[in-house]
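In: Please work out how this folds:
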Amino acid sequence: MLRLLALAAILVTSALPAHAQQNPNLRKAIFASGCFWCTEAVYENVEGVTAVESGYSNGHVMNPSYEQVCGGDTGHNEVVKVSFDADRISLSDVLEIFFHIHDPTTLNRQGNDVGTQYRSGIYFETPEQERVAREVWATANAAHKGKVVTEIKPLANYSKAEAYHQHYFARNPGAGYCAFVVAPKVEKFKKTFAARLKKG
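Out: Model (predicted):
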């Protein structure tokens, strides 16, 4: 409810910044760990990450709206697409952060955000992405004593979320949900992964 109130109060649109010049080492990963505002905010601080985009995937509705996804009937998940320079950070490192910034043992829930749209998931596009995802999943599952429920599936029906969701925390740090939910998650990441923080 707090998140919906924050969204109702602040519907600000902004254009995405221009992408850096393409390089042959650019890779991407798409995954879900609850509210995409939280996940996006963390990865925008990760060294080697060149862009983060919030979106929806792995549901049966083409190009759903936020309201449709929130209804819980589309099968879609709130996801982030993380673009990164493989010379500066590996996919396994990207996914290690993923498993530390949310609870991968809770089914269809992260904190007070409840529903299938908040499920933990990794969505691959290549066999190599799947291989790495399953390796990192196995390590996380062992650390959580076999309780990890994160799904690993081929990416399906991805679409970019509405403009007002992009860079949400960076633009609205004082909004209620951002201050009480997103900010603590970002601070936890900064303390746990200090060596992975962007410089400057």
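In: Check whether residue 122 sits in a helix, strand or coil.
Out: Under DSSP: H, G, I helix; E, B strand; the rest coil, residue 122 falls in the strand class.
In: mind checking how far it is from residue 181?
Out: The spacing between residue 122 and residue 181, counted by C-beta to C-beta, to the nearest Å, is 22 Å. Every C-beta, even on glycine, is put in place using the N, C-alpha and C of the backbone.
In: who has more neighbours, those two?
Out: Between residue 122 and residue 181, counting by other C-beta atoms under 10 Å, residue 122 is the more crowded of the two (26 against 23).
In: Go ahead and confirm the more buried one touches residue 137.
Out: Yes: between residue 122 and residue 137 there is a contact under C-beta atoms under 8 Å: 7.3 Å.
In: Could you tell me which residues touch both of those two?
Out: Common contacts of residue 122 and residue 137 (C-beta atoms under 8 Å, 6 or more residues apart in numbering): 150, 152.
In: Now do the buried residues in stretch 131-147.
Out: 132, 133, 136, 137, 140, 141 (16 or more other C-beta atoms under 10 Å).
In: Where does the closest residue to residue 106 other than its chain neighbours sit: helix, strand or coil?
Out: Leaving aside its sequence neighbours, residue 106 sits nearest to residue 149 (C-beta to C-beta, 6 or more residues apart in numbering; 7.2 Å). Of the three states, residue 149 takes coil according to three-state DSSP.
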